[in-house]
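In: Structure for the following, please:
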Amino acid sequence: MKEFYIGIDVGGTKCAVILGKCVEGDMSIVDKIAFPTESNKGYMFAVNNIYAAIEEILNKYNLTKDDVEAMGVSCGGPLDSKTGRVLSPPNLPGWDDIPIVDMLQSKFGIETYLQNDANACGLAEWKFGAAKGYNNAIFCTFGTGLGAGLILNGKLYEGTNGNAGEVGHMRISDHGPVGYGKEGSFEGFCSGGGIAQIAKTKVLERIQRGEKPSFCPDVNGLNDLNAKNVSIAADEGDELAISIYTECAHYLGKGLSILIDVLNPEVIVLGSIYARSENLLAEECARVIAKEALPASAAVCKVVPAKLGNAIGDFAALSVAYDKNGKA
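Out: The predicted model follows:
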């Protein structure tokens, strides 16, 4: 097997082409070229920039198609990984039924594979991060939204038509913040937007009672509330901010308990917000899991923060190439 892989990370605001080198199961990033997506200029604007970046990297390191094992594309869904087509993701207007895999393979003659970004991040943490060495693992994005990559019996599980892992859509309360177009959804409680919604409600209650929360003393600041500034206040000991994160952690525990009962994983890896604020979330989450999940299943499952940090998007795209959609 060749040592070099190329990853292509397609996002709503930026894209990146990454060159990786894998030696004895250890992937390292050799180089990366990033550029704005600019969807308003049409999908071919980004695709042509992807082509140019791949050519630049190949030329820079004197590589030919015969030196690269595979290319992997990580992109927001919906998409069809089996046919290699991007199917109108909401964050990529104009990317309507785009055969990105065929386009890249025809251009460069290198095997190319496609996965949605949550699955790709799951592959990354499984192959090279916190879930390495486990046969049954779940990765949850826990950032702007909440999606999951499911590794079951040593293989990425995509479901019948590629929609497995959309755990953010589960309704875990009749009422609550809106996420994934559903009130009280898992994503509604456990995402950056969800934490902001919880914060607005709790802060407004205090303001209407005549109080002035330290991190938002009046209604003019409500729209500026986000997971980051609430976490800063919580880390400084603000009781209200801590209660906001505790509510998020409570529902995180509820959602993870369902996943533990249904899928019986060995490890659940949580990204972004959990990785940054484990100190605010872990205790209440663990308490709820101990109460809600089947004891035998909870006993064999660890909940841990993602290991790859800000580089996870790069490793995700490379992992799609490395895994070859389960064919590696």
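In: ok, then the element right after the longest helix out of those in the chain?
Out: Counting residues, the longest helix found in the chain (DSSP state H) is helix 239-263. Using DSSP states H and E, the helix or strand that follows helix 239-263 in sequence is strand 267-270.
In: from memory L19 sits against I57, does it?
Out: Yes. In this structure, L19 is within contact of I57 by CB atoms under 8 Å, at 4.9 Å. Every residue, glycine included, has its C-beta placed from N, CA and C.
In: hey, what's in contact with both of the two?
Out: Applying CB atoms under 8 Å, 6 or more residues apart in numbering, one finds that L19 and I57 are jointly contacted by I6, D31.
In: Give me the more crowded residue out of these two.
Out: L19 (24 against 20; other CB atoms under 10 Å).
In: Please state the offset of stretch 194-201 from the chain centre?
Out: Stretch 194-201 sits 21 Å away from the centroid of its parent chain (CA atoms, centre = their mean, to the nearest Å).
In: So for that stretch, what gets flagged as buried?
Out: Within stretch 194-201, the residues that count as buried by 16 or more other CB atoms under 10 Å are G194, I195, A196, Q197, I198, A199, K200.
In: Stretch 40-55 too?
Out: Buried positions in stretch 40-55, judged by neighbour count with 16+ other CB under 10 Å: Y43, F45, A46, V47, N49, I50, Y51, A53, I54.
In: Only alpha carbons, please: show it as PDB.
Out: Presented in PDB, the C-alpha positions along stretch 40-55 are these (Å, rounded to 0.1, in the frame of the first residue of the first chain):
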ATOM      1  CA  ASN A  40     -22.400  32.200  -4.900                       C
ATOM      2  CA  LYS A  41     -20.000  31.700  -7.800                       C
ATOM      3  CA  GLY A  42     -21.300  28.200  -8.600                       C
ATOM      4  CA  TYR A  43     -20.000  24.800  -7.600                       C
ATOM      5  CA  MET A  44     -17.500  24.700 -10.400                       C
ATOM      6  CA  PHE A  45     -15.600  27.700  -8.900                       C
ATOM      7  CA  ALA A  46     -14.800  25.500  -5.800                       C
ATOM      8  CA  VAL A  47     -14.200  22.400  -7.900                       C
ATOM      9  CA  ASN A  48     -11.700  24.200 -10.100                       C
ATOM     10  CA  ASN A  49      -9.900  25.500  -7.000                       C
ATOM     11  CA  ILE A  50      -9.900  21.900  -5.700                       C
ATOM     12  CA  TYR A  51      -8.300  20.700  -9.000                       C
ATOM     13  CA  ALA A  52      -5.700  23.500  -8.800                       C
ATOM     14  CA  ALA A  53      -4.800  22.800  -5.200                       C
ATOM     15  CA  ILE A  54      -4.400  19.000  -5.900                       C
ATOM     16  CA  GLU A  55      -2.100  19.800  -8.900                       C
END
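In: what does it contact?
Out: The contact list for stretch 40-55 (CB under 8 Å, 6+ apart) reads 6, 8, 10, 15-17, 33, 35, 37-39, 71, 92-95, 98, 100, 103-104, 107-108.
In: do you know how far A293 is from N136?
Out: For A293, the distance to N136 equals 15 Å [CB to CB, to the nearest Å].
In: These two: who's more crowded?
Out: Taking other CB under 10 Å, A293 and N136 do not tie; A293 has more neighbours (21 against 18).
In: quick one, phi/psi of that one?
Out: phi -80, psi 160 (degrees, to the nearest 10).
In: picking that back up, and of the buried residues of stretch 194-201, the nearest to L222?
Out: K200 (5.2 Å; CB to CB).
In: Could you verify my assumption that that closest one touches L225?
Out: Yes. Contact criterion CB under 8 Å: K200 and L225 qualify, at 5.7 Å.
In: Out of the buried residues of stretch 194-201, which comes closest to N264?
Out: G194 (26.4 Å).
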